[in-house]
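Q: Let's see this in three dimensions:
(one chain, ligands or ions: 1)
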Amino acid sequence: MRNKIVAGNWKMNKNRADTAQLIEELMSAVTPSAAEVMIAPTFVNLAEAVTKLDGSFIEVVAQNMHFAESGAYTGEISADMLQSIGINTVILGHSERRAYFGEDDALLAKKVDAALKAGIRIIFCFGEELQDRKSGDHFKVVGSQLKNGLFHLDGDSWKNIVLAYEPVWAIGTGETASPEQAQEMHAFIRKTIAEAYNNEIAQDVTILYGGSVKPGNAKEIFSKEDVDGGLIGGASLVATDFAAIVAAAQ
Ligand code: 13P
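A: Numbers count the residues shown, from 1 in each chain. Model (predicted):
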C-alpha cells in the first residue's frame, strides 16, 4: 500500500542558526497527520537537524548524493556519509540539479543504484519544462525520464522508491499545475509503471506533486486519487505554511 508523504525541500536556504530556529518552529507547528513528514535542509546542517529531531515524527532527508562509495570527488557526499549521521532518504533528480548541474538520466540512474545498494530510500524527481507542455510533449518527456532513470530496476527495488512529479514551469513560479493536470500526469505515471512492471507496483508507489504547493491549494491537489502528497519548496520555509500543508494531507 502506498503512503502519503509531505516533504519540505529547503534547497540552498537557511544557515545554521536559521535551520535551528525553523526546526523549533516546526516542532511546535506541525502536528501528525496521515502523511509521513520530511524536511531536507542543506548538507552542512543535516547532522544537527537529525539530532534536534531525534525521536520526532519529522524525518530529515538529504537533497542529493554522489554515486561513488568514496574517493576523489571534491565537494561531494556519499551514501555512507549520509547514513553515518542518520539519514535514510535522499532526493535525487531535482530539476534544479538537472538544469544547473548537468545531471542527466544516465548519471541519475547511477545515483539511484548507489542509493538503493546502500539501503537509502529515494525521492526521485522528474517533470517536463514549459516548452514540452506547450508542444504537447509532456507525457513523452516524463515517460522517458522515468524509463531512463528507473526502469532498469527490478520490481523489488520499487519498495524504496518515491516519485515526485514536478513540472518545471510550476517550480517557484507561483504557477501550479491544476489538480486535474496533476492527476492526469500521476495517472499516466502509474499506467507507464504498470506497463513496464505490473499493476501492483504501479498502485503501491507513492507519487508526490511538487510545484508551488501552498496552504491554499494543497488540500485540493492532495485530494486527487493518484496524488499521494507533495514535495514543497518555498512554503516549507515558513513553519505555519508547512504545517498547514501537512494538515491538508488526509
Ligand atoms: P516550490 O514549492 O517553491 O515551487 O518548489 C517546488 C520544488 O522544487 C520542491 O522540490
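
Q: going forward, measure contacts and count neighbours with C-alpha atoms only.
A: Noted.

Q: which residues sit against the strand or helix carrying E25?
A: E25 belongs to helix 16-29 when elements are defined using DSSP states H and E. Residues outside helix 16-29 that contact it (Cα atoms under 8 Å, 6 or more residues apart in numbering) are 41, 44-45, 49, 52-53, 237-240, 242-243.

Q: Including neighbour count, could these go into a markdown table?
A: Listed next are the contacts of helix 16-29 as a markdown table, based on neighbours: other Cα atoms under 10 Å:
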| residue | neighbour count |
| --- | --- |
| P41 | 27 |
| V44 | 10 |
| N45 | 17 |
| A49 | 22 |
| K52 | 15 |
| L53 | 15 |
| L237 | 23 |
| V238 | 12 |
| A239 | 20 |
| T240 | 17 |
| F242 | 26 |
| A243 | 24 |
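
Q: in the protein, which spans are helices?
A: In the chain, the segments counted as helices under DSSP state H are 16-29, 46-52, 79-84, 95-100, 105-118, 130-134, 138-150, 179-196, 199-204, 215-222, 239-248.

Q: avg pLDDT for the third one?
A: In this model, helix 79-84 has an average pLDDT of 98.

Q: Which other helices and strands does it contact?
A: Judged by 3 or more Cα pairs under 8 Å, 6 or more residues apart in numbering; DSSP states H and E, the packing partners of helix 79-84 are helix 105-118.

Q: Report the buried residues of the helix it packs on.
A: Buried residues in helix 105-118, counting neighbours by 16 or more other Cα atoms under 10 Å, are found at 105, 107-109, 111-116.

Q: Make TSV out of the residues you listed and add distance to G8 and pLDDT.
A: Output for the buried residues of helix 105-118, formatted as TSV (distance: Cα to Cα, whole Å; pLDDT from 0 to 100):
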residue	distance to G8	pLDDT
D105	24	96
L107	24	98
L108	21	98
A109	23	98
K111	21	98
V112	20	98
D113	24	98
A114	23	98
A115	20	98
L116	22	98
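
Q: Out of those, which comes closest to the ligand?
A: For these, the residue nearest the ligand by Cα to the nearest ligand atom is L108; the value is 16.1 Å.

Q: The helix holding E25 relative to helix 239-248, how many degrees between them?
A: Orientation check (axes from the mean of the first three to the mean of the last three Cα atoms, to 10 degrees): helix 16-29 against helix 239-248 gives 40 degrees.
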